[in-house]
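In: Take a look and give me a structure for this.
(2 chains)
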Protein chains: 2
Amino acid sequence: VGVVGAGQLARMLAEAASPLGIDVAVLAATADDGATGVASEVVIGRPDERAALRKLAGSCDVLTLDHELVDVDALDDLVREGVTLRPSTSALAFAQRKDFQRAELHRRGVPVPRFALADSDAENLVRRQTDQWGAVPVVKAAAGGYDGRGVVVTQDLAEALEAARRFAHSGPVVLEEPLTLRGELAIQVVTGPDGDARWWPLVRTSPDDGMCAEVRYPAAVDEQIRVEALDVAQRTASVVQAVGVLAIELFWTDDGILVNEVATRPHNSAHWTIEGCVTSQFQNHLRAVLGLPLGSTEPVAPAAVMVNVVGSEAPVDLAAALAVDHAHVHLYGKAPRPGRKLGHVTALGSTVEEAAVRAWRAAEALGTALRRPQS
Amino acid sequence: VGVVGAGQLARMLAEAASPLGIDVAVLAATADDGATGVASEVVIGRPDERAALRKLAGSCDVLTLDHELVDVDALDDLVREGVTLRPSTSALAFAQRKDFQRAELHRRGVPVPRFALADSDAENLVRRQTDQWGAVPVVKAAAGGYDGRGVVVTQDLAEALEAARRFAHSGPVVLEEPLTLRGELAIQVVTGPDGDARWWPLVRTSPDDGMCAEVRYPAAVDEQIRVEALDVAQRTASVVQAVGVLAIELFWTDDGILVNEVATRPHNSAHWTIEGCVTSQFQNHLRAVLGLPLGSTEPVAPAAVMVNVVGSEAPVDLAAALAVDHAHVHLYGKAPRPGRKLGHVTALGSTVEEAAVRAWRAAEALGTALRRPQS
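Out: Okay, the predicted model is just below:
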């Protein structure tokens, strides 16, 4: 399998591939990227360089991706040359372009936040939508954002105008009605080329300052919300049609469940499946893109909590983290730097609270900058 | 961590190291060895080459081993030069030399099969012991054997004499009284440099034609046998004094528990701990040799069964194996060849029987030459 990208997702794909005897080649920007130490082969190049992509594809049965910041035209050219790309560029478009995703899901009847798209004159649209919604809109860059970057949530019109102006330099801008959330949820599905699909269970995600801080299984929601979330997710999956892992982030509001974002690749919200489920999102993504039978997505414990480790001024004390029994430490091999995602910790437990205590204790030993959400 | 050797054990050490952000360098005989694709660094050389060992040690905090076929003098020289080697060469001697192991454990009061050592004139000793024991002895080469090689079990005096003559060419020969076994058991412990130790649970191992075919947790034995096995194992561990994983293979006879063999490294009898326990033997071996806190060795399921995949004339059908839900497939990246250990499968279950059915079904899909033992 060839992976466009060599960050932590490619690294965890390589970790999942090795036990199956599957070789993973990665396209890395530099020889120091997270996955280069564990991949069987490393091609150095940019993800929009046709020569580098061709070299990567040359040694692989199938190409997949660990991020969305890719050049669709270059990938389409490769597919025309006979390369198997999974997911397809049409599925990838949902993850890559928030304007397309919002418009297409809305057109197909999937509930999304109220939105407006600006191809030009984004500032004017900010003013108009502020009047219409009676609130300053959330401003999002249509492409290129991740981990809270490319999104500005504010009640201050001047700040929203500034963000709209800034994002408009690099493409369309999405404006959304600000929502009062009861919480955020996520769910993931893996789909094979034959359409066979397996769903992991619904989880609760908690952000801190725009980044995912914690993921909890099971999500503490009413049965009615669970059913609605599954229904919205299933409809989303049937629109996106992605081979491999599809992660669906959901807003839980007083008016029901809305789609926040989708990712057509393994996703932070399912890192807990490495230890928490019979088959992890990484192994099932590999199985799916290779057309192999999918593995069981059943959880192996009553509860699991994943906490991200984001660099701070505090040191990364691996020994202290490993001293927390039942915590599973994942470090991505990156030099610590404030604000940088360095790893994650997953802990299983007989209750969510037990798992959360373990996971946060280990993540704090690793110096995470994130704060435990009030639940 | 530097690993002398680059076979499947080094490969699984590297797989366990990656999530912790620990780099693994391996000393490989060839660039095609099992672990070269996943190790962060590969040094090509023989395990008795001082220059190669020095190069490996140069980039690592600590050296460890994935096999015993090493040159103790070369390792001792490295230690004198300041290299940290774990386990020590004195612990390694128990795994490397069956004559020393038998004599030393016996001297320290640990029960072992009745034995006799021949430094010279092994054939004469075979005749003498046959008379004394009233049965043809089991003939073992003192060093260099593995997976049933270097051991001849026969009731035929001529065959025993031939084996003794052959093994005597390469060193001392160990003769043992043949035993009637009720079964074979194994247990593993990991010990840190500070003496902190954690035991995995007792397992039942079943050989087929001298090779380990199946490992079952829990071992179906009386409480009395379990207590005796733990006692013998604890006494063995306190004699061997190995930092890292120590695997102890036991004979279960009508006269009680005897030590069969010891290995001062991760061992086939504990591959099931990768999915079956909170912390695998591979991760705990790394933690131990690096002086990091040890992880919990608790099982995560009521039952687990591991089955080895040994090459046969049948094809390796990965898709068919992955179609067996709850089976965890491990392939070591080796070209299939009859008689070659290609991988293993572990399945968890609510009962041993359920786990065994899953594991054997997947191993048979992978074409294992081994037959399911009658239990």
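
In: Three-state assignment for the residue in the stretch 51-200 of chain A that chain B sits nearest to, please.
Out: As assessed by CB to the nearest CB, chain B sits closest to A:Arg198 within the stretch 51-200 of chain A, at 10.1 Å. To be clear about C-beta, it is placed using only N, CA and C from the backbone, and glycine gets the same treatment. Following DSSP: H, G, I helix; E, B strand; the rest coil, A:Arg198 is assigned to strand.

In: got it, and the one 3 residues further on?
Out: Assigned by three-state DSSP, the conformation of A:Pro201 is coil.

In: same question, A:Glu123
Out: Here A:Glu123 is recorded as helix under three-state DSSP.

In: still on that earlier bit, what about the residue of the stretch 51-200 of chain A closest to chain B, how many neighbours?
Out: By other CB atoms under 10 Å in any protein chain shown, the residues close to A:Arg198 number 19.

In: how about the residues of chain A near chain B?
Out: A:11-12, A:14-15, A:18-21, A:23, A:37-38, A:40, A:274, A:278, A:287, A:292-293, A:295-296, A:300-301, A:318-319, A:322-323, A:325-326, A:328-333, A:343, A:348 (CB under 8 Å from any CB of the partner chain).

In: And these, which of them are buried?
Out: A:11-12, A:14-15, A:18-21, A:23, A:37-38, A:40, A:274, A:278, A:287, A:292-293, A:295, A:300-301, A:318, A:322-323, A:325-326, A:328-333, A:343, A:348 (16 or more other CB atoms under 10 Å in any protein chain shown).

In: quick one: which of the residues you listed sit in strands?
Out: A:328-331, A:343, A:348 (DSSP state E).

In: where do the helices sit along chain A?
Out: For chain A, applying DSSP state H gives helices covering A:8-17, A:50-58, A:72-80, A:89-96, A:98-107, A:122-133, A:157-168, A:223-240, A:273-276, A:281-289, A:318-322, A:352-365.

In: Turn the ones you listed into JSON lines, columns for distance to B:Ala359 and mean pLDDT.
Out: Below are the helices of chain A laid out as JSON lines (distance: least, CB to CB, whole Å; pLDDT from 0 to 100):
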{"stretch": "helix A:8-17", "distance to B:Ala359": "20", "mean pLDDT": "97"}
{"stretch": "helix A:50-58", "distance to B:Ala359": "36", "mean pLDDT": "94"}
{"stretch": "helix A:72-80", "distance to B:Ala359": "39", "mean pLDDT": "94"}
{"stretch": "helix A:89-96", "distance to B:Ala359": "35", "mean pLDDT": "95"}
{"stretch": "helix A:98-107", "distance to B:Ala359": "43", "mean pLDDT": "96"}
{"stretch": "helix A:122-133", "distance to B:Ala359": "58", "mean pLDDT": "95"}
{"stretch": "helix A:157-168", "distance to B:Ala359": "54", "mean pLDDT": "94"}
{"stretch": "helix A:223-240", "distance to B:Ala359": "32", "mean pLDDT": "98"}
{"stretch": "helix A:273-276", "distance to B:Ala359": "20", "mean pLDDT": "98"}
{"stretch": "helix A:281-289", "distance to B:Ala359": "17", "mean pLDDT": "98"}
{"stretch": "helix A:318-322", "distance to B:Ala359": "30", "mean pLDDT": "98"}
{"stretch": "helix A:352-365", "distance to B:Ala359": "28", "mean pLDDT": "98"}
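
In: which residues does A:Val72 contact?
Out: A:89, A:92-93, A:96 (CB atoms under 8 Å, 6 or more residues apart in numbering or on different chains).

In: let's see it at 7 Å
Out: Shown in contact with A:Val72 (CB atoms under 7 Å, 6 or more residues apart in numbering or on different chains): A:89, A:92.

In: ok, now A:Phe100?
Out: A:Phe100 neighbours (CB under 7 Å, 6+ apart): A:93-94.

In: And it, how close does it get to A:Val43?
Out: Distance check for A:Phe100 against A:Val43: by CB to CB, to the nearest Å, it reads 29 Å.

In: What of A:Lys98?
Out: 29 Å.

In: Could you check which of those two has the larger neighbour count?
Out: Remark: of A:Lys98 and A:Val43, A:Lys98 carries more neighbours, 26 against 23, as counted by other CB under 10 Å.

In: Please name the bridge partners of A:Lys140.
Out: Beta bridges link A:Lys140 to A:Val151, A:Val174, judged by DSSP bridges.

In: Which residue is the nearest non-sequential neighbour of A:Leu348?
Out: Closest residue to A:Leu348 apart from its sequence neighbours, by CB to CB, 6 or more residues apart in numbering or on different chains: A:Ala301 at 3.9 Å.

In: and that neighbour, what does it touch?
Out: Going by CB under 7 Å, 6+ apart, A:Ala301 touches A:276, A:348-349.

In: Kindly recompute the last result at 8 Å.
Out: A:276, A:348-350, A:355, B:300.

In: on that earlier part again, pull up the per-residue confidence for the residue of the stretch 51-200 of chain A closest to chain B.
Out: With respect to pLDDT, A:Arg198 scores 98.

In: that older thread, I'd like the helices of chain A laid out as TSV, including distance to A:Glu184.
Out: Shown next, in TSV, are the helices of chain A (distance: least, CB to CB, whole Å):
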stretch	distance to A:Glu184
helix A:8-17	20
helix A:50-58	34
helix A:72-80	28
helix A:89-96	17
helix A:98-107	16
helix A:122-133	21
helix A:157-168	21
helix A:223-240	11
helix A:273-276	18
helix A:281-289	18
helix A:318-322	26
helix A:352-365	16
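
In: Closest to A:Val174 out of the ones in strands among the buried ones among the residues of chain A next to chain B?
Out: The closest of those to A:Val174 turns out to be A:Gly343 (CB to CB; 30.9 Å).

In: Tell me what the closest one is bridged to.
Out: Bridge pairing for A:Gly343 - DSSP bridges - gives A:Val309, A:Leu331.

In: Please report how far it lies from A:Arg80.
Out: A:Gly343 sits 39 Å away from A:Arg80, going by CB to CB.

In: A:Ala74 now?
Out: For A:Ala74 relative to A:Arg80 (CB to CB), the value is 11 Å.

In: neighbour count winner among these two?
Out: Between A:Ala74 and A:Arg80, counted using other CB under 10 Å, the more crowded position is A:Ala74 (19 against 8).

In: Tell me who's in contact with that one.
Out: Taking CB under 8 Å, 6+ apart, we find A:Ala74 in contact with A:47-50, A:53.

In: ok, now A:Arg102?
Out: Here A:Arg102 is in contact with A:112-113, A:115, A:117, A:174, A:176 (CB under 8 Å, 6+ apart).

In: if we go to 7 Å?
Out: Shown in contact with A:Arg102 (CB under 7 Å, 6+ apart): A:112, A:115, A:174.

In: Could you do A:Ile248 as well?
Out: Here A:Ile248 is in contact with A:186-187, A:233, A:236, A:259, A:262 (CB under 7 Å, 6+ apart).

In: 6 Å instead, please
Out: Listed by CB atoms under 6 Å, 6 or more residues apart in numbering or on different chains, the contact set of A:Ile248 reads A:187, A:233, A:236, A:262.

In: Which residue of chain A lies farthest from its centroid?
Out: In chain A, A:Asp131 marks the outermost C-alpha relative to the chain mean, sitting 32.8 Å out by CA atoms, centre = their mean.

In: I'd like the distance between that residue and A:His106.
Out: 21 Å.

In: repeat for A:Gly343
Out: For A:Gly343, the distance to A:His106 - CB to CB - is 36 Å.

In: Kindly report the same for A:Val324.
Out: Counting by CB to CB, the separation of A:Val324 from A:His106 is 44 Å.

In: more neighbours, those two?
Out: Counting neighbours by other CB under 10 Å for A:Val324 and for A:His106 shows that A:Val324 has the greater number, 23 against 15.

In: rewinding a little: any chance of the contacts of A:Arg102 in JSON lines, with distance to B:Ala247 too?
Out: As requested, these are arranged in JSON lines below (distance: CB to CB, whole Å):
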{"residue": "A:Val112", "distance to B:Ala247": "56"}
{"residue": "A:Phe115", "distance to B:Ala247": "60"}
{"residue": "A:Val174", "distance to B:Ala247": "58"}
